[in-house]
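# Provided below are the primary sequence and the corresponding predicted coordinates.
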Amino acid sequence: MGKDSKPKDAKGKGKQAAGSSGGGDDAGGGKGGKGKGGKSADGLGTCTYVKARHVLCEKQGKINEAYKKLQDGWLDNGDKVPPAEFAKIAQEFSECPSGKKGGDLGWFPRGKMAGPFQDVAFSTPVGACSAPFKSTHGYHFILCEGRKN
């Protein structure tokens, strides 16, 4: 019975915290079968392609500065970041060639992006912005714009 009550609590928390800590909730849910119900409901973990934008910086201080701009303008208010606003931040801060295109990575399949980048991209809800994270290329945050199979 205790196991049955935990998935219900986890699903409720995941819906409320999707914009701020979706990555952390999904990481815990992925260890057992109980996370599957929440993932299939919103497409997390089940889609084949993701459409995303990102900001990439070599230094952690710079990525934190860029993320703070999103927090001050959108995230602290509980708002979703419009792609056009995210693009402005990417053009200003991103050190990736995609920064000139507003950080637009277009649609990409599972297996194309390495390690933590793929994990975060495929676990961030549509319309949400991930927290900053580190990959082999530097520091990123991602805006998920869409999912499809």
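Here it is on my side, so go on. What you see is a predicted model, and the numbers here were worked out from it, not measured in a lab.
# Mind checking what secondary structure E85 has?
The assignment at E85 comes out as helix when based on DSSP: H, G, I helix; E, B strand; the rest coil.
# Same check on K112?
K112 carries the three-state label coil when classified by three-state DSSP.
# Tell me where the protein has strands.
Per DSSP state E, the chain has strands spanning 49-57, 104-109, 133-135, 138-148. These are given in chain order.
# Please identify the most buried of the ones you listed.
With neighbours taken as mean count of other CB atoms under 10 Å, the strands of the chain reach their highest mean count in strand 49-57, at a mean of 24. (Each C-beta comes from the backbone N, C-alpha and C, glycine too.)
# what about the helices in the protein?
2-29, 36-42, 60-73, 83-93, 115-123 (DSSP state H).
# Lowest average confidence across the ones you listed, which one?
Note on those: helix 2-29 shows the lowest mean pLDDT, a mean of 36.
# Okay, domains of the protein per the record?
Domains of the chain are assigned by automatic domain parsing as 1-46, 47-149.
# returning to what we had before: for A90, which of the strands of the chain is the nearest?
Comparison of these against A90 by CB to CB identifies strand 49-57 as nearest, at 5.0 Å.
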